[in-house]
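In: All I have is the shape, not the residue letters:
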Ligand code: SPV
Ligand code: MN
């Protein structure tokens, strides 16, 4: 018999809040709220429904409690995370794994269930004492759709609650309508920012822990505020969803959803795309003239034999660095308006306006930022000069503010039919700007699994080191990589028209060490892919896929950018580099062997056959094969 928490909850809730919870008549939900009401011991608990009043109340409380402050535009607020809590804490983010499953999960950051559970219970005991806390109901994906995953968030951070109201669809009514078997299935998130300092920032960062229990669909996040650590619905739910998807035969991917618009031919073609960080994901989703559906996380389902996708989110938690009037006009304009935006970890100047890196305006010499009171030249305890804003400073904003939103796709309960998938890495010397896979399986194994990103001067450590990043999803894959890769392959089995898969690489460097293509060229590679999907272009067969003909790209450059594209540039960019590709595949093999020694042989066989194909081509044409040597 589960414990009856009614009296306890009534003592911590207003009658209205208690009634909202009771109306859901969901014992599992009651037990979750009751257990943590007792264990974390908050002063009061506020229960939200989907009303505009509750949404506003949460925002107002974030301000009253000092977690956010109002800016010059009164609908905009600023929030700072603690110094040292401005990015995801990978080390302390672990899976709670039953003993018998541990050997399987070795390569993923895991902790034995009993031990981890005891630790998180000890850290969270009484952690909300004296605090007013909030309970919210959300849906991943549209509500009442084949994609819906209902979620409950319990948090003592009103900033977290406010962010979630912007980023996800409130789903109290969905919970209200749930039938009996459904009532048992929802994701649960318990979060505490822990003890706060006078700026409202987490003090006990040494006790920051994010423990994920995929076996019971619950995530515990303690002593943190940065959204990637604190917000249940974002990267925590993603790990739970990946696990569930694996069991049920669908996919949860770290992808944008967008539509390429071909005005001349009156076509709209949906693409999803995965890019490791700093490889062009948001800028691809936001290419001028195209339409955006989502910028971070997608669910894929086979609905009646069709490949359908939704953006699971409602808003965007975007990197603000380098958002300026020239490079990102749509986002920039929206950040300049008096509408609801939470800025995090940017500078607020004496004019009470936000400033960030790469904003394209001259910032003030002093103000307040993630460091505290800030003056130009100020150094932190390690002696490093503190910049005006953090490199991972963000904005939190509804997606439907954007003029380029694809309303139809954004609201579709059955998602959109996806016809193209893009996988974009960062490498200066191996892969071509765009290449198509002959089929889905090849796409998964040669485009998705081989994704890598090269370190840049912006990250610590040596430059030009390649980091493997299969599907750009490695941080969130919650079961062994080989099985996950096989599930990706199997997803399209029996589908009438699986999407075409393409790779992108925007970062090829020329002999002078400079990037070969401009930021705008992304549009060309996208529209070549769009044309291929509709049978507009021929392609040349290389050992790893299909590449464009020069004439087609030249036309695309002229039509879309009014630029000339030289044949010499084409030849350089689309040269097939045999040894480099073999090395890339060998790195991928080694990485899979390390991450999941049980990776099916079928996968290695495919890579080995590709290596053989490349060696044969190398014997015939030499190490660097010009596109003219390949046949259409
Ligand atoms: C990412 O890092 O992939 C993000 C931001 O989208 S976070 O919320 O930190 O995950
Ligand atoms: Mn992301």
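Out: That came through, no problem. Since the structure is predicted, the reported quantities are computational estimates derived from the model, not experimental observations. Residues are numbered from 1 along each chain as shown. Ligands and ions are numbered 1, 2, ... in the order given.

In: mind giving me the domain ranges of this protein?
Out: 6-71+81-248, 252-314+408-625, 317-399 (automatic domain parsing).

In: can I get those in TSV with distance to ligand 1 and mean neighbour count?
Out: No exception for glycine: its C-beta is placed from N, CA and C like everyone else's. Below are the domains of the chain laid out as TSV (distance: least, CB to the nearest ligand atom, whole Å; neighbours: other CB atoms under 10 Å):
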stretch	distance to ligand 1	mean neighbour count
domain 6-71+81-248	2	19
domain 252-314+408-625	5	19
domain 317-399	5	18
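
In: nearest to residue 632, of those?
Out: If you check each of those against residue 632 by CB to CB, domain 252-314+408-625 wins as the nearest, at 4.8 Å.

In: one step back: okay if I get the domains of the chain as a markdown table plus mean pLDDT?
Out: What follows is those, written out as a markdown table (pLDDT from 0 to 100):
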| stretch | mean pLDDT |
| --- | --- |
| domain 6-71+81-248 | 97 |
| domain 252-314+408-625 | 96 |
| domain 317-399 | 96 |
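
In: export the ones you listed to a markdown table and tack on distance to residue 632?
Out: Listed next are the domains of the chain as a markdown table, based on distance: least, CB to CB, whole Å:
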| stretch | distance to residue 632 |
| --- | --- |
| domain 6-71+81-248 | 38 |
| domain 252-314+408-625 | 5 |
| domain 317-399 | 36 |
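
In: out of these, which comes closest to residue 631?
Out: Going by CB to CB, the one of these nearest residue 631 is domain 252-314+408-625, 6.2 Å.

In: Centre of the chain to the closest one, how far?
Out: What separates the centre of domain 252-314+408-625 from the centre of its chain is 17 Å, taken as CA atoms, centre = their mean, to the nearest Å.

In: Residue numbering should commence at 7 henceforth.
Out: Fine by me, first position is 7 from now on; the one you just mentioned is domain 258-320+414-631.

In: gap between the two ends of that domain?
Out: By CA to CA, to the nearest Å, the extent of domain 258-320+414-631 from end to end equals 37 Å.

In: Ok, stretch 65-81 next?
Out: 10 Å.

In: which residues are contacting that stretch?
Out: Outside stretch 65-81, the residues within contact range by CB atoms under 8 Å, 6 or more residues apart in numbering are 52, 82-85, 138, 140, 163-165, 167-168, 171, 205-206, 343-349, 354, 357-360.

In: Among those residues, which ones are in helices?
Out: Assignment to helices by DSSP state H places the following of the contacts of stretch 65-81 there: 164-165, 167-168, 171.

In: wait, which of those is closest to residue 421?
Out: For the ones in helices among the contacts of stretch 65-81, the nearest to residue 421 is residue 171 (22.8 Å; CB to CB).

In: So that closest one is in contact with residue 143, correct?
Out: No: the criterion here is CB atoms under 8 Å, and residue 171 misses it with residue 143 at 10.9 Å.

In: Return every residue with contacts to both of those two.
Out: If you check residue 171 and residue 143 against CB under 8 Å, 6+ apart, no residue is contacted by both.

In: Now do the strands in the stretch 57-206 of the chain.
Out: For the stretch 57-206 of the chain, the strands defined by DSSP state E, counting those that start in this stretch cover 75-76, 82-85, 99-103, 116-118, 138-146, 155-161, 175-176, 193-198.

In: Ok, the stretch 207-356 of the chain next?
Out: 215-219, 224-228, 257-259, 262-268, 273-280, 297-300, 304-309, 312-317, 321-325, 347-350, 353-354.

In: Which neighbouring elements make contact with the longest one?
Out: What it means is strand 273-280. On a contact count with 3 or more CB pairs under 8 Å, 6 or more residues apart in numbering; DSSP states H and E, strand 273-280 meets strand 262-268, helix 287-291, strand 422-431, helix 528-539.

In: From residue 233, how far out is the residue most central in space within the chain?
Out: Nearest to the geometric centre of the chain sits residue 302, at 3.7 Å (CA atoms, centre = their mean). As for residue 302, its distance to residue 233 is 11 Å (criterion: CB to CB, to the nearest Å).

In: who touches both of these two?
Out: Common neighbours of residue 302 and residue 233 (CB under 8 Å, 6+ apart) are 240, 323.

In: what number of residues lie near residue 256?
Out: 19 (other CB atoms under 10 Å).

In: Could you double-check that residue 341 lies in contact with residue 324?
Out: No: taking CB under 8 Å as the definition, residue 341 is not a contact partner of residue 324, at 9.4 Å.

In: which neighbours do the two share?
Out: What both residue 341 and residue 324 touch, as defined by CB under 8 Å, 6+ apart, is the set 401, 403.

In: Pull the distance from whichever strand or helix holds residue 14 to the chain's centre.
Out: Using DSSP states H and E, residue 14 falls within helix 12-18. From the chain centre to the centre of helix 12-18 is a distance of 38 Å (CA atoms, centre = their mean).

In: Name the residues that touch it?
Out: 24, 27, 36, 39-40, 43-44, 48-51.

In: Whatever helix or strand comes next after it versus strand 138-146: what angle between them?
Out: Beyond helix 12-18 in the direction of the C-terminus, DSSP H and E gives the next helix or strand as helix 21-29. Calculated by axes from the mean of the first three to the mean of the last three CA atoms, to 10 degrees, helix 21-29 forms an angle of 40 degrees with strand 138-146.

In: which secondary structure elements does helix 21-29 contact?
Out: Checking 3+ CB pairs under 8 Å, 6+ apart, helix 21-29 ends up next to helix 12-18, helix 33-46, strand 50-53.

In: Contacts for that helix, please.
Out: By CB under 8 Å, 6+ apart, helix 21-29 touches 15-16, 19, 35-36, 39, 51-55, 141, 178, 182.

In: Among the residues you listed, which one sits closest to residue 277?
Out: residue 178 (33.3 Å).

In: Would you confirm that the closest one contacts residue 143?
Out: Yes: under the criterion of CB under 8 Å, residue 178 makes contact with residue 143 at 4.4 Å.

In: shared neighbours of those two, which are they?
Out: 54-56.
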